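Colleague: Pasted the sequence and its predicted model underneath.
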Amino acid sequence: MTHQTTVLVIGGGGTGVGTARDLSARGVDVTLVERDGLAGGTTGRSHGLLHSGARYAESDPEGAAECIEENQIIREIGGHCIGDTGGIFVQLEEDDPEYFEAKLEGCQEHGIPAEVIDGDEARDRVPELSEDVVRAMVVPDGVIYPSRLVAANAASAEAHGATVLTHAPVEAITVSDGVISSVEVGGEVNETIEAEYVVNATGAWAGECAAMAGVDVEMQPTKGVMVGVDYEGLGPVVNRCRVPDDGDIIIPHETQVVLGTTSVAVDDPDEFDEEGWEVEKMFQECADMMPALDGREIARTWWGVRPLYAPDEAGRGSRDSGKGDERGISRGFFLLDHEQDGVENFASVVGGKLTTYRMMAEAVADHVADVLGVDGESITATEQLPGADDPDRLDEFVAKYSARQPADLDVVEDRSGQVADD
C-alpha cells in the first residue's frame, strides 16, 4: 500500500513533532513516522530542564539568548507541559568566585533575569542546601515534561491536518535520479510512503537514517544518566555554579528529584553500557549541594543519548566526561541540506537542546517551505498547544501517541486505557 504526502518527517522527538506542527499549520500536507512511541529517543530520556540560558551565559552568548527567548515562549504556549519552578546556581566554598561573576555578567548582557542572594537566604529558600553554599544566583529555569510537550505538539499537528504514525520504523529509503522516491515503513504501518521532501529528525540516530539514502551524517552521541529519588518540596532547579561537569544539576518534580548527569561518548545510541559508577557519581556530586540526598534510595534510573554532531564536537575538542567546552555543552543545532550530497529533496537536523526545539523546528520548516515555494510564516510561537491548561487532557494525548517516557514517568498519569479525540 502506498501513502502519498508532501513532506515526510522521520523522527517523533521534540524537533520532529515541532517541524510537523509548524509545516502543517502553514497548510503543508505532512506525515510523521516514529519507530516507537513519540519522544522515545533523546527527548523522552532527557533530564527535562527548561533552560533560562544561564548555563551558557559566560560561554555561548548566542545559545544563552536563544534559551531565554524560547523559555519565555514555551511558558506561554506550554501550560502544564512545564513546571514553573525557577532555578538557582549555587557557589560552594571550593568553587571559583570569578566563574560566578562571569556567569552573572553574561546573564545581564543577554537579558536573563538574575538575582544574587547570600548563602543564608539561599538556605531559607531551599532549607537542605549545604552549609558550604556561600551565595547563589536566582534565574528563571524550569522543568519540561517532555512526554506532554511532544504529545501536545503532535495533537496540534494533527489538528492542522498532519498524519502522525507511531510504531512505524523506517526500513528502507530509495533514491532515484538524485531524489528520494520512496520510503518503506514497517511495524504497525507497513506502507510505502512517497513524499516530495523528507526531513531526517532522528537525533542521535541521524547517521543511520541518512545512510539509508546514501548520505553521510557523522554523529558523536554521548550517554548521560539520570537518577530519580523520592524527595518532595525542593522548589527550584538547583545548579552547581562551576565549569559544567558530571552531577551538577538537581531537577524537582512533584514527589521526586532528578539527579544528573554524565557525558560519555558511545558508538551506538542503541547499545551502550549502563554503568554503576555513573549512578554513584550523581549521588556524590549532587550531595555536595544537598547533603540530604546522600544515601537516598533510588526510585528509578534511566540513560539518555545526546544527538551531537561530530564535526562540531571535534571543532571544540569535546571528549568523554569533559568539563566546560570539552563537554560540548553549547550544542548548537545544524540543518544539513543534502542537495549538496546528491539527494536534493532531503535534509537532516541534528544537535540542539530540548528548550530550543520549537526554534529548531521553525528553522527546518522555513527551509522546507522555501524549497517547496510555500508562503506563510510560523505560528508556533503564539498558538497555545492543545490541552495546555488541562493536565488530564495532556496525559490522554500522551497515551494516544504512546509517549509516556522515563523523563517524566512520575508526573504523567498512565491513561493507556483512554484515547484522546483529535
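Modeller: Thanks, I have it.
Colleague: worst-scoring helix or strand of the protein, pLDDT-wise?
Modeller: For the chain, using mean pLDDT, DSSP states H and E, the weakest element among its helices and strands is helix 310-316, scoring a mean of 77.
Colleague: Restrict it to CA atoms and write it as CSV.
Modeller: What follows is helix 310-316, C-alpha atoms only, in CSV (Å, rounded to 0.1, in the frame of the first residue of the first chain):
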residue,chain,number,x,y,z
ALA,A,310,30.6,15.0,15.2
PRO,A,311,32.3,17.8,13.2
ASP,A,312,31.1,20.4,15.8
GLU,A,313,32.3,18.3,18.7
ALA,A,314,35.7,17.8,17.0
GLY,A,315,36.0,21.5,16.4
ARG,A,316,35.6,22.2,20.2
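Colleague: Show the subsequent helix or strand relative to it.
Modeller: strand 333-337 (DSSP states H and E).
Colleague: Tell me how the protein divides into domains.
Modeller: Per automatic domain parsing, the domain ranges recorded for the chain read 2-43+146-219+331-408, 85-143+222-306.
Colleague: Please identify the deepest-packed of these.
Modeller: Per residue and on average, the most neighbours among the domains of the chain fall to domain 2-43+146-219+331-408, with a mean of 22 (mean count of other C-beta atoms under 10 Å). C-beta coordinates here come from the backbone N, C-alpha and C atoms, glycine included.
Colleague: With A152 as the reference, measure out to the residue nearest the centre of the chain.
Modeller: Nearest to the geometric centre of the chain sits L354, at 2.5 Å (C-alpha atoms, centre = their mean). Separation of L354 from A152 (C-beta to C-beta, to the nearest Å): 14 Å.
Colleague: want to try JSON lines for the domains of the chain, with mean pLDDT and distance to L50 as columns?
Modeller: Converted to JSON lines, those look like this (pLDDT from 0 to 100; distance: least, C-beta to C-beta, whole Å):
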{"stretch": "domain 2-43+146-219+331-408", "mean pLDDT": "97", "distance to L50": "6"}
{"stretch": "domain 85-143+222-306", "mean pLDDT": "96", "distance to L50": "4"}
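Colleague: Present the ones you listed as a markdown table; the columns should include distance to G63.
Modeller: Formatted as a markdown table, the domains of the chain follow (distance: least, C-beta to C-beta, whole Å):
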| stretch | distance to G63 |
| --- | --- |
| domain 2-43+146-219+331-408 | 7 |
| domain 85-143+222-306 | 9 |
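Colleague: among these, which is nearest L49?
Modeller: Nearest of the domains of the chain to L49, taken as C-beta to C-beta: domain 85-143+222-306 at 6.0 Å.
Colleague: in the stretch 301-422 of the chain, which spans are strands?
Modeller: Under the criterion DSSP state E, counting those that start in this stretch, the stretch 301-422 of the chain contains strands at 333-337, 346-351.
Colleague: CA atoms only: put stretch 137-154 into PDB for me.
Modeller: Included here for stretch 137-154 are C-alpha records, laid out as PDB according to Å, rounded to 0.1, in the frame of the first residue of the first chain:
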ATOM      1  CA  MET A 137      22.100  33.300  41.600                       C
ATOM      2  CA  VAL A 138      18.300  33.100  41.100                       C
ATOM      3  CA  VAL A 139      17.300  32.600  37.400                       C
ATOM      4  CA  PRO A 140      14.100  31.600  35.500                       C
ATOM      5  CA  ASP A 141      15.000  27.900  34.900                       C
ATOM      6  CA  GLY A 142      12.100  25.500  34.900                       C
ATOM      7  CA  VAL A 143      11.200  21.900  34.200                       C
ATOM      8  CA  ILE A 144       9.900  20.400  30.900                       C
ATOM      9  CA  TYR A 145       7.700  17.400  31.000                       C
ATOM     10  CA  PRO A 146       8.800  16.000  27.600                       C
ATOM     11  CA  SER A 147       6.100  13.400  27.100                       C
ATOM     12  CA  ARG A 148       3.400  16.000  27.400                       C
ATOM     13  CA  LEU A 149       5.200  18.600  25.300                       C
ATOM     14  CA  VAL A 150       5.800  16.200  22.400                       C
ATOM     15  CA  ALA A 151       2.300  14.700  22.600                       C
ATOM     16  CA  ALA A 152       0.700  18.100  22.600                       C
ATOM     17  CA  ASN A 153       2.700  19.200  19.600                       C
ATOM     18  CA  ALA A 154       1.600  16.000  17.800                       C
END
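Colleague: so who does N71 touch?
Modeller: The contact partners of N71, taken as C-beta atoms under 8 Å, 6 or more residues apart in numbering, are L50, H51, S52, G53, P140, G142, T355.
Colleague: Present those as a markdown table; the columns should include secondary structure and distance to D120.
Modeller: Shown next, in a markdown table, are the contacts of N71 (DSSP: H, G, I helix; E, B strand; the rest coil; distance: C-beta to C-beta, whole Å):
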| residue | secondary structure | distance to D120 |
| --- | --- | --- |
| L50 | strand | 27 |
| H51 | coil | 27 |
| S52 | coil | 23 |
| G53 | coil | 27 |
| P140 | coil | 22 |
| G142 | strand | 25 |
| T355 | helix | 31 |
